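Colleague: Provided below for reference: sequence and predicted model.
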Amino acid sequence: MALRLGDIAPDFEQESSEGRIRFHDWLGEGWGVLFSHPADYTPVCTTELGLTAKLKEEFAKRKVKAIALSVDSVESHKGWIQDINDTQSTSVNFPILADSDRKVSELYDMIHPNANETLTVRSLFVIDPKKKVRLIITYPASTGRNFNEILRVIDSLQLTDHHSVATPGNWQDGDDVVIVPSLQDEEVIRQKFPKGYKAVRPYLRLTPQPNK
Ligand code: BEZ
């Protein structure tokens, strides 16, 4: 059965451009982003991996490690990484799983046979420190992902895990957030949100982002 939000991200051992990886050990205590690509030496993937490398500091600030995957060999990955570094003016600073036997692709349901029988689609999983899957997105091969959106969702997850809020559509870090509808006790609300809130409707209560 396909993975769903809240499931434990399946553990695995696989080769990568940085050696053999035992996934849960490699994740450690932090967050992870596991994302697949159709194949090495493809144009859209090349730009995506370059972008991810350039966002290393942004991922690190949020205690997130990135790991990519395609169904090619370690040798192929190593050659491709040189190309990515040259063409994207960066230095790939995260591992790429060499999933030639499709062990991980099948475990994570990254091959969608009606889209392509052998290649992985653009799957992406955000995994939290308890190894739970917190975001799943699937893009077609022809559309590169927006990695700033991935960071935005991670910001939202990390905020909403610690405060009784949710983030509205198009929210960006620093914008107002909404108080979760389940929180009704005015005294508790006053304690949790000392900056106050604006009730646009009884169910739509906006408050300044509590951790800013
Ligand atoms: C790419 O990654 O560039 C790509 C892969 C498959 C189809 C189209 C583009």
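Modeller: Okay, I see it. Residues are numbered from 1 along each chain as shown.

Colleague: what comes up buried for the helix or strand harbouring E57?
Modeller: Secondary structure assignment for E57, by DSSP states H and E: helix 56-61. By neighbour count with 16 or more other CB atoms under 10 Å, helix 56-61 contains the buried residues K56, E58, F59. Placement of C-beta: from N, CA and C, glycine included.

Colleague: how's this structure carved up into domains?
Modeller: Annotated domains of the chain cover 7-145, 163-207 [the TED database].

Colleague: mind putting these into CSV with distance to the ligand and mean pLDDT?
Modeller: Shown next, in CSV, are the domains of the chain (distance: least, CB to the nearest ligand atom, whole Å; pLDDT from 0 to 100):
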stretch, distance to the ligand, mean pLDDT
domain 7-145, 3, 97
domain 163-207, 27, 97
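
Colleague: follow-up on the earlier one: then the helix holding E57 to CSV, C-alphas only?
Modeller: Taking Å, rounded to 0.1, in the frame of the first residue of the first chain, the C-alpha atoms of helix 56-61 are listed here in CSV:
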residue,chain,number,x,y,z
LYS,A,56,22.0,23.7,1.9
GLU,A,57,22.2,26.5,4.5
GLU,A,58,18.5,27.0,4.4
PHE,A,59,18.0,23.2,5.0
ALA,A,60,20.6,23.2,7.7
LYS,A,61,19.0,26.1,9.6
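
Colleague: in three-state terms, label the residue of the chain positioned farthest from its centre for me.
Modeller: Here the chain reaches farthest from its C-alpha mean at E187, the gap being 36.0 Å by CA atoms, centre = their mean. Under DSSP: H, G, I helix; E, B strand; the rest coil, E187 falls in the helix class.

Colleague: and the closest residue in space to G32 that isn't next to it in sequence, how many neighbours?
Modeller: Of all residues not flanking G32 in the chain, I127 sits nearest, at 4.3 Å (CB to CB, 6 or more residues apart in numbering). Number of residues near I127 (other CB atoms under 10 Å) recorded here: 23.

Colleague: residues contacting I127?
Modeller: Applying CB atoms under 8 Å, 6 or more residues apart in numbering to I127 gives the contacts A9, L27, W31, G32, V33, L34, V133, R134.

Colleague: so which of the residues you listed belong to strands?
Modeller: Applying DSSP state E to the contacts of I127, the entries found in strands are W31, G32, V33, L34, V133, R134.

Colleague: quick one on the thing from earlier: of the contacts of I127, which is the nearest to P181?
Modeller: Nearest to P181 out of the contacts of I127 is R134 (CB to CB; 20.7 Å).

Colleague: distance of the residue farthest from the centre of the chain relative to F193?
Modeller: Look at E187 and F193: by CB to CB, to the nearest Å, they are 11 Å apart.

Colleague: touching, A199 and I189? I think so.
Modeller: No - using CB atoms under 8 Å, A199 is not in contact with I189; the gap is 10.3 Å.

Colleague: of the buried residues of helix 56-61, closest to P168?
Modeller: Using CB to CB, the buried residues of helix 56-61 come closest to P168 at E58, 21.9 Å.

Colleague: got the contact list for the nearest residue to that closest one once chain neighbours are set aside?
Modeller: Excluding the flanking residues, the one nearest E58 by CB to CB, 6+ apart is L151, at 5.6 Å. By CB under 8 Å, 6+ apart, L151 lies in contact with L55, E58, F59, R62.
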